[in-house]
Structures are given as structure tokens and as C-alpha cells.
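> Got a sequence here, can you build the structure:
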Amino acid sequence: MKQMMMVFGVVCILGLSIAVYADDDAGGMESMMAHHHAMMHGMKTGADQRISLQLPAAMRAQQLAMMREHLAAVNEIIADMAAGKFTSASRIAHQKLGLTPEMKKMCTMFGNSDFRKLGLAFHKSADHLGDELKSGNTKRSLRALHTTMNYCVQCHATFRQ
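Here you go, the predicted structure:
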């Protein structure tokens, strides 16, 4: 039960961070999140201090859609773990989050090298997650999920559209 509450909290936080990241026009929510981020990191509140990726509109839309797909994949993984379907969860981690040739190609398209490195590290960690899930060990799988989710948190704290 304790593990499931922890997983639920992670999903809620990820969902909120993607929603905020995905909707730069939502002034009130973005301002609130920038304020929260600043408070958590001892910064003065005000303007969003994250690095803008300055993406063209089409690339921005593609990136936002991909992040939403990643969130849905994490949700599927958690549901499968809760149901004891570790093989299915492993497949999802590798296919939808892992460093597939398509994901590698997409990551190399970004001009910001730090963002690119973070994206590649995220996808590699998802492959490790898939391997841990295949073992059926809940504790190790949750640790690997935590590592993967930390890349999401780090990216959303550092970069913005």
C-alpha cells in the first residue's frame, strides 16, 4: 500500500509538471509553478528562470505530444505493476520510453546539447527500467522508475518551451 501511494504521488507530480510545461499560455498556473520552483531552489520569484528551447511551432507541438505519450506510458507501467503484469510493463518501458532508433533520432534534432544529453539519459534509464521490470522485483522496479522520473523532474525544472 505504501509503495502504491508513492507511485500515485509520482504520477500526480509528473502529470502536473507536464501540464504546466505543455501550456506556456496558462499564465496563472505557469506563474504559480515558477514561483514554487523558485522557492524550492532558493531563487527569487518572478520570471521563469528555466532555459527556453526556442522551438519552432511544429517541433514544439511534436515535443509536447511526445511528453504526453511518455506520461501515458508511465501510467500504463504503474497499472501493470499494480496488477503484477511485469512482462507487459517491461515491454511498454522499452517500446514507448526506451532509446529506440526513433527516439535517438528525435533527441539528436535538438540544438541544446544539455537538453539532448538529458533526453538520451532519460531514454537509456527507461531501458534499464524495462530490464528491472522483467525481473518482477517490485522494489528494484520502483527504484528504476524513480530514476527515470528524476530525469523528467530535472528536465522540467531546467527547460521550458
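
> And the strand or helix carrying Cys107, what does it pack against?
Assigned by DSSP states H and E, Cys107 falls within helix 101-108. In terms of contacts (3 or more C-beta pairs under 8 Å, 6 or more residues apart in numbering; DSSP states H and E), helix 101-108 is packed against helix 113-135. (Glycine included, C-beta is placed from N, CA and C.)

> sorry, back to before: name the residues of the helix holding Cys107 that come out as buried.
103, 106-107 (16 or more other C-beta atoms under 10 Å).

> quick check, nearest of those residues to Gln62?
Met106 (8.1 Å; C-beta to C-beta).

> ok, and the closest non-adjacent residue to the closest one?
Using C-beta to C-beta, 6 or more residues apart in numbering and skipping residues adjacent in sequence, the residue nearest Met106 is Met66, 7.2 Å away.

> for that neighbour, helix, strand, or coil?
What DSSP: H, G, I helix; E, B strand; the rest coil gives for Met66 is helix.

> Ala89: which of the buried residues of helix 101-108 is nearest?
Out of those, the member with the shortest distance to Ala89 (by C-beta to C-beta) is Met103, at 18.2 Å.

> measure the closest residue to that closest one other than its chain neighbours to Pro101 for me?
Counting by C-beta to C-beta, 6+ apart, the nearest residue to Met103 once its immediate chain neighbours are dropped is His123, at 5.0 Å. Here the criterion is C-beta to C-beta, to the nearest Å. By it, His123 lies 11 Å from Pro101.

> again with Lys85
26 Å.

> Which stretches in the chain count as helices?
2-22, 27-40, 57-82, 86-92, 101-108, 113-135, 138-158 (DSSP state H).

> closest one to Ala47 among these?
When these are compared (using C-beta to C-beta), the closest one is helix 27-40, at 7.3 Å.

> what about His156, how many neighbours?
Here the number of neighbours of His156 (other C-beta atoms under 10 Å) works out to 20.

> now Lys134
Around Lys134 there are 16 residues (other C-beta under 10 Å).

> what about this structure, any weak spots by pLDDT?
1-45 (pLDDT under 70).

> give me that answer again for 90
By pLDDT under 90, the low-scoring segments of the chain are 1-47, 105-112, 161.
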